[in-house]
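**Student:** Turn this into a model:
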Amino acid sequence: MASVLVMTWELSLPGCRSLKEKRTVVRSLKDRLRHKFKVSVAETDFQDKTDRAEVTVAFVTSDGRLAQSIADKIDRFVVDTGGAIVLSSRTERA
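**Tutor:** Residues are numbered from 1 along each chain as shown. Modelled structure (predicted):
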């Protein structure tokens, strides 16, 4: 049975003083997530704030254990990413 996971992080971007700087940081994170994990990713909130972002990732697997393993790796990647501090996160399964 397929597992669908949706993961969301609220991020603080302390070095960003303009929307252009913020877009650079967020775009880099989104591109690296897409490339490394082959997931769908979007900025889902705080588009008008210079120092805050919300990023959401979604993916589907055929195995629940594999889904959890991938989710753990993605979460560690986001937490370890320079330029962004994770303020909160949540994961939804369908």
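
**Student:** The longest helix belonging to the chain packs against which elements?
**Tutor:** Assignment by DSSP state H gives helix 19-37 as the longest helix of the chain. Judged by 3 or more CB pairs under 8 Å, 6 or more residues apart in numbering; DSSP states H and E, the packing partners of helix 19-37 are strand 40-45, strand 52-61, helix 64-80. To be clear about C-beta, it is placed using only N, CA and C from the backbone, and glycine gets the same treatment.

**Student:** List the buried residues in it.
**Tutor:** K22, V25, V26, L29, K30, L33, F37 (16 or more other CB atoms under 10 Å).

**Student:** Check the secondary structure at the closest residue to the second one other than its chain neighbours for me.
**Tutor:** In this case it means V25. Excluding the flanking residues, the one nearest V25 by CB to CB, 6 or more residues apart in numbering is G83, at 4.7 Å. Following DSSP: H, G, I helix; E, B strand; the rest coil, the label given to G83 is coil.

**Student:** any idea how far G83 is from T50?
**Tutor:** 13 Å (CB to CB, to the nearest Å).

**Student:** and if you look at V41?
**Tutor:** Counting by CB to CB, the gap from V41 to T50 is 20 Å.

**Student:** ok, the two, which is more surrounded?
**Tutor:** The neighbour comparison of V41 against T50 (other CB atoms under 10 Å) goes to V41, with 20 against 15.

**Student:** Now do the buried residues in the helix or strand bottoming out on mean pLDDT in the chain.
**Tutor:** Of the helices and strands making up the chain, the lowest-confidence element is helix 64-80, at a mean of 93, by mean pLDDT, DSSP states H and E. By neighbour count with 16+ other CB under 10 Å, helix 64-80 contains the buried residues A67, I70, A71, I74, D75, V78.
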